[in-house]
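Participant: show me the folded form of this:
(chains A and B)
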Amino acid sequence: MSKRNWFIVPTAPRLAALTGVCLILAAGCEKKKADGEGGAKPAATAADKGAGDAAMPGVTATEIKIGQTMPYSGPASSYSVIGKTEAAYFKWLNDKGGVNGRKINLISLDDGYSPPKAVEQIHKLVENEGVAFTFNTLGTPSNTAIQKYLNDKKVPQLFVATGADKWGDPEHFPWTMGWQPSYRTEAQIYAKYIMKEKPAAKMCVLYQNDDFGKDYVKGLQEGFGDQYDKVVIKTASYEASDPTIDSQVVTLQGAGCDTLLAAPIPKFGAQTIRKVADLGWKPLFFMSNVSVSLTAVLKPAGLDKSTGIITGSYLKDPSDPSMANDPGMKEYLAWAKQNMPSDVDATDLNAVYGYGAAMSLVQVLTACGNDLSRANVMKQAASLSHVKVPVLIEGIDISTGATDFRPIQQMQLRRFNGTNFETFGEVMAGS
Amino acid sequence: MTPVRPTAEIAGPTGRRISGRMWWLVALLVAVVAAPFVLSSYHIFQATQIVVYAIAVLGFNLLTGFSGQISLGNGAFYAIGAYVAAVLMTHANLPYWATPPIAGAVCFGVGFLFGRSATRLEGLYLALATFGLAIALPQILKLDAIEHWTGGSQGVVLSKPASPLGGLLDDDRWLYFFCLAVAAVLFTVAWNVMRGRTGRAMIALRDHAIAAGTMGIHVPSYKARVFGVSAMYTGVAGALSALVAGFVAPDSFTFLVSIAFLIGGVVGGVASIFGALFGAAFIELVPDLTKQVSELWPSWHWLADVQWPAYGVLLIITMMVMPGGLAGLVYSVQLRLAARARGAQPPHSPRS
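Facilitator: Now for the predicted structure:
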């Protein structure tokens, strides 16, 4: 027997096969990733790498270098549309001359929705690329993992892309700021509506047993105040690993509720709608705006069964026919037609989100003028007053202050009419 | 005569080879000690990560490469190690340096008990059982009953270990040397174990379990113990990873972690101790490298889309060209050079 085979243990062929199979599995999970054409290219040449004066790291006379991590691979890769849209927006803006004569160089790295990978990539962005700040990094776990590091280093963690409530905490984390309304704000708005329109409601809550779901319960508690125990008569939770939520829905119906708030992820959102309809239960039905996608939730559940569902929204929806003549929506669609990367669907709400977030950042950078120090970026981000963004629903604007690190705090309710959502009522703020 | 199949680390009979290896070790030592003083702080972070992965991959190699039990569940022990460290630091106020040994001990216990029952299964069945562990663990960490300690899906944020030699070494470099010291101890232990009786018993188990049994090796007990030791190595690595990342959460420990160890083990050379270093460097550096290479020519957009396929193809080629992994390649080059120096024919000349 040849010595050459010393390292080939008997299991080697099997292992090789196994590795192959696992990779195929992993690839299956990853769906589509990579930045695509519009993807942020770390176009840094040797000349501009790490340049910039000491007071304004990442900033030169012609460029502002910023960074973010996005799940371009892994289980949450469908969100990476946000990063792709932002890169496309900055590219378009740079072609027009940038902000105050400086081009925005967004370095968008893949973290695969893995917190340790996000930590590594943020180290790379801050220490190697020398970015001025991070912008719209996606995911609650990833942002939690990097928050302490960025605050210790005094690097702005601007407009994080997550709906958790903890980002508006300037006292403890003065370098971190959210962007979208939190789940708690959303639940407060539902509570406000119920108190006004149906004060005698008997309410049930179905939520996913994690931070996302529990934030809705907390929001209702804050929204109803001392009325909470009177209004909410039953809550039920499920685990993300459960096969179905049928028994929870049956329990809630049995409690005699006439109002239901469901805070599930899309898969269970579809199940909830179907089960509620199958039971012949007709509550006033609120659904978390995480789970109101036409393709992922309402169509699988059945459009007829989804009729009447109410949700809160802050972004204009390109699939809403009433938006056809909306100037802001027209502006967005016209831009998307020319500039959106070919692998991004312009009607995807994530794309609208990326467009809105990128525009908000441009407002901050414009306000900074020539002082792009990290402290001034944070100061200007905390000094936004009724800033309009075309893709936010009319009446919703962005306002922040030294103690208010929650840029968007309003929503408008929308009801599903069998084919699309129709907005109704006033724009409302949380309590 | 059919030669006994030794592992590379069991030194050959000639003094020449041993001295050659000594030089190699000295060079490696100089490189790893000098590295943090020439690298930027991000690259020190990466180097620390490689050291941590190397320990975990070594744990995988001990189990799968040396004793032939395929595990796809080592990511679970990595997670347990990380959480033990995190909970001890936040709830028991233990200093960070005390956590890796405890995490190792806990993982040894869990691994031993799991191995006790799971190693009744063989080959791919064992792989599947361990894979189940890796898939289940992130959910278990979210359980309400232990949320007080684990922080549920929010995870636990840890503060970075501060350097006791503030003026001489900054925190990043200190953490690197701390991990390096732990790795040095664990690699030395593994090296010695594999050269001794226990190591030969493990290899015998892998090559022919029945024959090993008739030779007087208690097969189930050995398998369970090896499983425990592998879990211990992985757990220590997990504890260090928690210190390095400064954060633990269920999302940090998906089944992809276990697969990363599998890739690291196979690419580095699964029946090799120092192959773990190559494997660790591979899983840390190559995914980013393929991304960078795919972006070298910005006008070829499609290159960016094939980053992951490129990684996969690279893996497949690696497996076909060097089935013994990188360590196997290094070893065969070594052999050939030694043969040339003696003026003899290479021990196995290429197809000529």
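Participant: neighbours of whichever residue of the stretch 251-352 of chain B sits closest to chain A, how many?
Facilitator: Closest residue of the stretch 251-352 of chain B to chain A, C-beta to the nearest C-beta: B:Gly324 (2.7 Å). (C-beta placed from N, C-alpha, C; glycine too.) If you count neighbours by other C-beta atoms under 10 Å in any protein chain shown, B:Gly324 ends up with 24.
Participant: can you count the residues close to residue 193?
Facilitator: Answering for chain A, as no chain was given. 19.
Participant: hmm, I had chain B in mind actually
Facilitator: As a burial measure, B:Val193 scores 17 neighbours (other C-beta under 10 Å).
Participant: helix/strand/coil for it?
Facilitator: Here B:Val193 is recorded as helix under DSSP: H, G, I helix; E, B strand; the rest coil.
Participant: the spatially closest residue to it that is not a sequence neighbour and chain A: what is the separation?
Facilitator: Closest residue to B:Val193 apart from its sequence neighbours, by C-beta to C-beta, 6 or more residues apart in numbering or on different chains: B:Gly199 at 5.3 Å. Distance of B:Gly199 to chain A, given as C-beta to the nearest C-beta, to the nearest Å: 14 Å.
Participant: what helices or strands is the one helix or strand B:Gly199 maps to leaning on?
Facilitator: According to DSSP states H and E, B:Gly199 maps onto helix B:197-207. Contacts defined by 3 or more C-beta pairs under 8 Å, 6 or more residues apart in numbering or on different chains; DSSP states H and E place helix B:197-207 against helix B:209-214, helix B:219-245.
Participant: next one: phi and psi at the residue nearest to A:Ala255 when sequence neighbours are not counted?
Facilitator: What sits nearest to A:Ala255 in space, not counting adjacent residues and going by C-beta to C-beta, 6+ apart, is A:Lys234, at 3.9 Å. Main-chain dihedrals, A:Lys234, degrees, to the nearest 10: phi -160, psi 140.
Participant: check the helices and strands packed on helix B:197-207 for me: which has the lowest mean pLDDT.
Facilitator: Lowest mean pLDDT of the helices and strands packed on helix B:197-207: helix B:209-214, a mean of 92.
Participant: list the buried residues of the stretch of helix or strand A:Asn105 belongs to.
Facilitator: Under the criterion of DSSP H and E, A:Asn105 resides in strand A:103-110. Within strand A:103-110, the residues that qualify as buried are A:Lys103, A:Ile104, A:Asn105, A:Leu106, A:Ile107, A:Ser108, A:Leu109, A:Asp110, counting by 16 or more other C-beta atoms under 10 Å in any protein chain shown.
Participant: likewise for stretch A:156-174?
Facilitator: A:156-168, A:170, A:173-174.
Participant: same check, this time on stretch A:361-381
Facilitator: Going by neighbour count (16+ other C-beta under 10 Å), the buried part of stretch A:361-381 is A:361-365, A:368, A:372-374, A:376-381.
Participant: intersect those residues with the contacts of chain B.
Facilitator: Among the buried residues of stretch A:361-381, not one lies near chain B by C-beta under 8 Å from any C-beta of the partner chain.
Participant: between those residues, which is nearest B:Val330?
Facilitator: A:Arg374 (46.1 Å; C-beta to C-beta).
Participant: now the closest one. Nearest residue, chain neighbours left out?
Facilitator: Closest residue in space to A:Arg374, ignoring its immediate chain neighbours: A:Pro156 at 5.6 Å, by C-beta to C-beta, 6+ apart.
Participant: my guess is that neighbour contacts A:Thr137. True?
Facilitator: No. Applying C-beta atoms under 8 Å as the test, A:Pro156 and A:Thr137 come out as separate, 11.1 Å apart.
Participant: SS state for A:Val131?
Facilitator: coil.
Participant: can you report how many residues neighbour the nearest residue to it once chain neighbours are set aside?
Facilitator: Spatial nearest neighbour of A:Val131, excluding adjacent residues (C-beta to C-beta, 6+ apart): A:Gly67 at 3.9 Å. Using other C-beta under 10 Å, A:Gly67 is surrounded by 26 other residues.
Participant: got the buried residues for stretch B:23-40?
Facilitator: B:Val32, B:Ala35, B:Pro36, B:Leu39.
Participant: pick out the residue of the stretch 251-400 of chain A closest to chain B.
Facilitator: Counting by C-beta to the nearest C-beta, the stretch 251-400 of chain A gets nearest to chain B through A:Asp343 (8.5 Å).
Participant: quick one: that residue and A:Lys84 touch, right?
Facilitator: Yes. Counting by C-beta under 8 Å, A:Asp343 touches A:Lys84, with 7.4 Å between them.
Participant: coming back round to it: tell me what the helix or strand the residue nearest to A:Val131 falls within is packed against?
Facilitator: A:Gly67 belongs to strand A:63-70 when assigned by DSSP H and E. Counting contacts by 3+ C-beta pairs under 8 Å, 6+ apart, strand A:63-70 packs against helix A:81-95, strand A:103-110, helix A:115-123, strand A:133-135.
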